[in-house]
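[1] Got a predicted model here, sequence first, then my questions.
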Amino acid sequence: MLFTTNMNRLTLRIAITLYLMLGLFVGGVGYYLKNHLERETSNLLTANMNSIANVICEDISGVYIDYLLTAKRGGDYSLEISQRLRNFSAHFKLKKVTVCDTAFVILASTDSIHSAGKPFFPLFAINGRLEKIRKGETVATPIYNNGNNPFMSVYIPVKGDDGRFKAILSVESSAEFFVLLHRFERFFIFTGIIFAVFLIFGAWFISRQLSQPIRDMAIVAKKIGDGDVGATVTLPLFRDEIRSLAVSINTMSAQLKIEHIKNLERVESLRILAAGVAHEVRNPVQGISLYADRLRRLSDPNINETAEKIKTEIRQIERIVNDLLDYTKDLTLVKSTFNTYALIQEVLAANGVLAKITGHCKTNTYGDRARLKQVFSNVIKNAIEASFDLSTGIAIQIKNSGNFSEVEIHNNGKEIDHETMSRIFQPFFTTKAKGTGLGLALCKKIVEAHEGTITIKKSDRKNYTTCVHIRWNNGEGMNNG
């Protein structure tokens, strides 16, 4: 379930990435086209308006503007100029043309509402535009809305017969093209939404195609991790990095399979050897044991002591043989539900020590009780032997996490060096004078048979040095007592 969820998240991340990339591209192109069209259209309209304003300005400048300034507001000459302005407005399809003096009083206008003699409220009286006009510059406004329709105005200085700035000509024109531009913008947005819907499905499909080989490799990697060595990935069609990775996984899996076969062959050889050694060793050992028993019946104390030493060494030989047989033969687990705390207490009592046990002491677990007792006996015995002070030398914590049970055993003995820690679970490796080197190796085998792990690390508790962490799958789940 966790694996499937992670792969779905990968697909989702790829889809979102593709969607964002394409969305940013489409949005960026749309934004650029909109601004470019607006800018080019505005520049074209400004140039056209400037040309029209210059034509009208030339018609009313000079003596005409001088006379208009002195003529009666709303008089015959003012009406004549207004009519000429209307003719220009009709010819060039303008919205309004107005002439005002420098005090912003209307001299003539195509708009009957803004008749001569009334004040004029131009848009240029801000941001220094009036100063530009007085310097003889033509000023164009940005596109603005008037009654929900876009317009542009151009203001141009009108000079008298003496060449001096006498009046201002205002030409206002409709920017109907911007209506079409805004319609295009809305169409582009609507089209973009539809495209985005298809883009989402397309990105999801592409991401599925991209993540499928990764998903297949993850499945195979999990199979290999679970012990199915030799599992292979179906190679993707295209020769790319993902295909190279798949080839590497297949090569690794094939190598692991070869190594696994070799290990099985070595284990089988060791099993045969162990069985042969056990058979060959046990017969003479049993004979020696019988002779030692006969010597013990003698009344000579020296002979009795020697016979007891012989028996002790025989038991050591038998333990080595039994450990070797246990390690080489297949484990058959007899699982049942039991209490971890009670099992550890049995082991501690058998060794005659006390330890502080914390954690989930009432939590039951599921596994082979006899085999796990063998693991705890070995680890606790090692902890007892390693500890400097048995009164505070051992601390045990019982945990559970989901379907796994965990036990940590801490001791305050000498720290284990890195080399020893890296080899401590290897068969026949031991630091003890009379150790077989099979105790922890057998513990590892038992724990792994329970789909678990056993590790040794530096203790994170104060006054403790080493921690053995045992974790196994409790199979049928936890049963709380």
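    Looks like it came in fine.
[2] Mark out where each domain of this structure begins and ends.
    42-180, 241-328, 335-473 (automatic domain parsing).
[3] Same list (those) but as JSON lines, adding distance to residue 225, mean pLDDT and mean neighbour count.
    For glycine as for every other residue, the C-beta is placed from the backbone atoms N, C-alpha and C. Formatted as JSON lines, the domains of the chain follow (distance: least, Cβ to Cβ, whole Å; pLDDT from 0 to 100; neighbours: other Cβ atoms under 10 Å):
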{"stretch": "domain 42-180", "distance to residue 225": "64", "mean pLDDT": "82", "mean neighbour count": "17"}
{"stretch": "domain 241-328", "distance to residue 225": "10", "mean pLDDT": "77", "mean neighbour count": "14"}
{"stretch": "domain 335-473", "distance to residue 225": "12", "mean pLDDT": "86", "mean neighbour count": "17"}
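[4] could you pull out the strands for this protein?
    Secondary structure of the chain, counting by DSSP state E: strands at 96-101, 106-109, 139-140, 144-145, 150-159, 165-174, 335-339, 356-359, 364-368, 394-401, 404-411, 453-458, 466-473.
[5] Direction included, what does the second one pair against?
    Listed by DSSP bridges, the sheet partners of strand 106-109 and their directions read strand 96-101 (antiparallel).
[6] Then the fourth one?
    The pairing partners recorded for strand 144-145 under DSSP bridges are strand 150-159 (antiparallel).
[7] and the strand it pairs with, how far from the chain's centre?
    Centroid separation for strand 150-159 versus its chain: 58 Å, with Cα atoms, centre = their mean, to the nearest Å.
[8] who touches residue 102 in this structure?
    Counting by Cβ atoms under 8 Å, 6 or more residues apart in numbering, residue 102 makes contact with 165, 166, 167, 168.
[9] and it, what are its phi and psi?
    Backbone dihedrals for residue 102, given as degrees, to the nearest 10, come out at phi -70, psi -10.
[10] any idea how far it is from residue 17?
    Relative to residue 17, residue 102 is positioned 62 Å away (Cβ to Cβ, to the nearest Å).
[11] What of residue 111?
    When residue 111 is compared with residue 17 (using Cβ to Cβ), they lie 57 Å apart.
[12] Residue 344 now?
    Counting by Cβ to Cβ - residue 344 and residue 17 are separated by 51 Å.
[13] go on, residue 384?
    57 Å.
[14] now the helices for the stretch 1-150 of the chain?
    With DSSP state H, counting those that start in this stretch, the ranges of helices along the stretch 1-150 of the chain come out as 2-60, 63-70, 76-92, 129-134.
[15] Tabulate the CA atom coordinates of the third one in PDB.
    These are the backbone C-alpha positions of helix 76-92, laid out as PDB (Å, rounded to 0.1, in the frame of the first residue of the first chain):
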ATOM      1  CA  ASP A  76     -20.300  83.600 -35.600                       C
ATOM      2  CA  TYR A  77     -16.600  83.000 -36.000                       C
ATOM      3  CA  SER A  78     -16.600  80.500 -33.100                       C
ATOM      4  CA  LEU A  79     -19.500  78.600 -34.700                       C
ATOM      5  CA  GLU A  80     -17.700  78.600 -38.000                       C
ATOM      6  CA  ILE A  81     -14.500  77.100 -36.500                       C
ATOM      7  CA  SER A  82     -16.700  74.600 -34.600                       C
ATOM      8  CA  GLN A  83     -18.300  73.600 -37.900                       C
ATOM      9  CA  ARG A  84     -14.900  73.100 -39.600                       C
ATOM     10  CA  LEU A  85     -13.900  70.900 -36.600                       C
ATOM     11  CA  ARG A  86     -17.100  68.900 -37.100                       C
ATOM     12  CA  ASN A  87     -16.200  68.400 -40.700                       C
ATOM     13  CA  PHE A  88     -12.800  67.100 -39.700                       C
ATOM     14  CA  SER A  89     -14.400  64.900 -37.100                       C
ATOM     15  CA  ALA A  90     -16.800  63.400 -39.600                       C
ATOM     16  CA  HIS A  91     -14.100  62.900 -42.200                       C
ATOM     17  CA  PHE A  92     -11.600  61.200 -39.800                       C
END
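[16] Run the angle between that helix and strand 165-174 for me.
    40 degrees (axes from the mean of the first three to the mean of the last three Cα atoms, to 10 degrees).
[17] Mind giving me the packing neighbours of helix 76-92?
    The contact analysis (3 or more Cβ pairs under 8 Å, 6 or more residues apart in numbering; DSSP states H and E) places helix 76-92 against helix 2-60, helix 63-70, strand 96-101, strand 106-109.
[18] Surely residue 72 and residue 79 touch.
    No: between residue 72 and residue 79 there is no contact under Cβ atoms under 8 Å: 10.2 Å.
[19] ok so, going back, could you export the contacts of residue 102 to CSV, including columns for distance to residue 320?
    Shown next, in CSV, are the contacts of residue 102 (distance: Cβ to Cβ, whole Å):
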residue, distance to residue 320
165, 118
166, 123
167, 121
168, 116
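[20] Name all residues that make contact with residue 386.
    411, 413, 414, 466.
[21] Against residue 116, how distant is it?
    113 Å.
[22] Quick check: closest non-adjacent residue to residue 52.
    In space, and not counting its chain neighbours, residue 52 is closest to residue 92: 5.0 Å by Cβ to Cβ, 6 or more residues apart in numbering.
[23] my read: that neighbour touches residue 54, true?
    No: contact criterion Cβ under 8 Å: residue 92 and residue 54 do not qualify, at 11.8 Å.
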